[in-house]
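Visitor: have a look at this prediction, sequence included:
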Amino acid sequence: TRHGAYYGAPADLSVWVASPGQAIWIHLDSVTASKGSERANAGYFIMPAEGGFLVRNIRTLQTCNTLHISVVADHLARLPQLLLSDTFLRTHGRLQGRAGVVQEATRSLYAESPLSALT
């Protein structure tokens, strides 16, 4: 593989807890359960990084490195809801990279309005 040729060792796939673009929950460190506020934000997995995982918050569009994530086990539930959301698109725009490709494909198959009409 390319990784093996470059680094001289095979890739360690055990650090890939999710596939790129997979839906995740990013747990908030500063929120306690007794406050009654959100304890996690929706996001998507990018890749393993030094000391954690590189993830992107869907609400703020910020990329961060964290250990505090939960992978959405049912990838057929949450992500399509977000990808088909017209409000999400108007507020945050198109997703980037592989997640953007999935967004366009999902909308072209299931959405009432095309992606180009909303951006």
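Guide: Here it is on my side, so go on. Numbering: from 1, shown residues only.
Visitor: what about the most centrally placed residue in the chain, which helix or strand?
Guide: In the chain, the C-alpha nearest the mean C-alpha coordinate belongs to Y44, at 0.8 Å (C-alpha atoms, centre = their mean). Following DSSP states H and E, one finds Y44 within strand 40-49.
Visitor: quick one: the helix or strand following that strand to chain centroid distance?
Guide: Downstream of strand 40-49, the first helix or strand assigned by DSSP H and E is strand 52-57. Strand 52-57 sits 8 Å away from the centroid of its parent chain (C-alpha atoms, centre = their mean, to the nearest Å).
Visitor: quick one: strand 52-57 to strand 40-49, angle?
Guide: In terms of direction (axes from the mean of the first three to the mean of the last three C-alpha atoms, to 10 degrees), strand 52-57 departs from strand 40-49 by 140 degrees.
Visitor: list the buried ones in the very next helix or strand once past strand 52-57?
Guide: Next helix or strand after strand 52-57 toward the C-terminus (DSSP H and E): strand 63-66. Residues of strand 63-66 classed as buried: C64, T66 (neighbour count, 16 or more other C-beta atoms under 10 Å). Heads up, the C-betas are built off the backbone N, CA and C, glycines and all.
Visitor: other residues contacting strand 63-66?
Guide: I26, H27, I46, A49, E50, G51, G52, F53, L54, V55, R56, N57 (C-beta atoms under 8 Å, 6 or more residues apart in numbering).
Visitor: what's near enough to touch the residue nearest to the centre of the chain?
Guide: Contacts of Y44 by C-beta under 8 Å, 6+ apart are G21, Q22, A23, I24, V55, R56, I58, L79, L95, A99.
Visitor: type out the PyMOL command that picks the buried ones from those.
Guide: What follows is the PyMOL syntax selecting those of the contacts of Y44 that are buried according to 16+ other C-beta under 10 Å:
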select buried, resi 21+22+23+24+55+56+58+79+95+99
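Visitor: among the contacts of Y44, which one lies nearest to R2?
Guide: G21 (20.2 Å; C-beta to C-beta).
Visitor: phi, psi of the residue nearest to that closest one when sequence neighbours are not counted?
Guide: Excluding its sequence neighbours, the residue lying closest to G21 (C-beta to C-beta, 6 or more residues apart in numbering) is A99, at 4.0 Å. Dihedral pair for A99: phi -60, psi -30, per degrees, to the nearest 10.
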